[in-house]
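# curious how this folds, go ahead:
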Amino acid sequence: MKAFAPLALVALVGACSVDQPSAPLTSDIAPAADISAGSVYSYDVTITNLTTGQPMSPAIIITHGPRVSLFAGGKPASQGIKEIAEDGNPATAHAMLSGAPGVFEAVATGAPIHRIGGPGPNLLTARISGDREKRFLSFATMLICSNDGFTGVSGVALPTNATPVTAYAYAYDSGTERNTEADGDIVPPCFGIGPTTGMGGGGHRGEQLKVRMHPGFDGPRALSPMLHGWSGPVAMVSIQLVPAS
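So this is what the prediction gives:
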């Protein structure tokens, strides 16, 4: 990743269901009666980085209908997810998603989500819109100190009243780049805002696997389990319906 692109998103759009690995909900979904058909609603989406060793690239967030899938475990990553996971670059995804069937809105944040103890805030809040028909939310962001790691959720139901929905996001491997963990294959921002020093080359050694849970790091190369690893979810997302003004 030479620099972050402040654009928006990537998804696999079409006949995919939402049976991919996604975050478990930690609050109940309110009855749909509180959301009126044909009305547009705003939501504040807060993403919190739960790690001490993984800064995250600017986030890609979408609201969409049930036939849109941002990523799916056991399936190949889209070109958009590939570029997010390898370089933190959402430009291709944005081009794919703009005007795509089933997508209500795509929002991209313009700054990384820092790790706990990093040089900036470890959470961000963005506002996005949705309606009763397209009332699911997905997001994706790169785990910067990795070859092709990312985190996100795909297909979390939006809240329908004042009760927020909170979900946890786990670490995934896009399966598009070998996990060499070598300095020359790690994007430079890892060494600028991550918990280590070095140059980083941003090189790629491709592979053709499928999206899966990230296996973690072996060490003792540029990445180490102690500095860059995690246990359990790596991010939390909270979605709050914004009261009508």
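
# packing partners for the longest helix belonging to the chain?
Of all the elements of type helix in the chain, the one with the most residues (DSSP state H) is helix 79-87. For helix 79-87, the packing partners by 3 or more Cβ pairs under 8 Å, 6 or more residues apart in numbering; DSSP states H and E come out as helix 91-97, strand 136-142, strand 149-157. Where you see a C-beta, it was placed from the backbone N, CA and C, and this is true even at glycine.

# so which of these comes closest to Ser42?
Of all the helices and strands packed on helix 79-87, it is strand 136-142 that lies closest to Ser42, at 12.4 Å by Cβ to Cβ.

# weakest of the helices and strands packed on helix 79-87 by average pLDDT?
Taking each of the helices and strands packed on helix 79-87 in turn, the one with the lowest mean pLDDT is helix 91-97, at a mean of 78.

# quick one: buried residues of the helix or strand in which Thr166 is found?
Mapping Thr166 onto the secondary structure by DSSP states H and E places it in strand 165-173. When burial is assessed from 16 or more other Cβ atoms under 10 Å, strand 165-173 yields the following buried residues: 165-173.

# and for stretch 111-126?
By 16+ other Cβ under 10 Å, the buried positions in stretch 111-126 come out as 112-115, 118, 122-124, 126.

# check the separation of the first and last residues in it.
With Cα to Cα, to the nearest Å applied, stretch 111-126 spans 11 Å between its terminal residues.

# which outside residues touch that stretch?
Where contact means Cβ atoms under 8 Å, 6 or more residues apart in numbering, the residues beyond stretch 111-126 that reach it are 4, 44-59, 61, 107, 109, 141, 144, 189, 193-195, 235.

# give the rounded mean pLDDT of that stretch.
96.

# ok, now stretch 160-175?
For stretch 160-175, mean pLDDT is 97.

# skipping adjacent residues, who's closest to the residue nearest in space to the middle of the chain in space?
Computing the C-alpha centroid of the chain and ranking residues by Cα atoms, centre = their mean puts Ala140 first, at 1.7 Å. Distances taken as Cβ to Cβ, 6 or more residues apart in numbering place Gly152 nearest to Ala140, at 3.7 Å, with adjacent residues excluded.

# list the contacts of the one you found.
Applying Cβ under 8 Å, 6+ apart, the residues near Gly152 are 60, 70-71, 138-141, 169, 172, 235.
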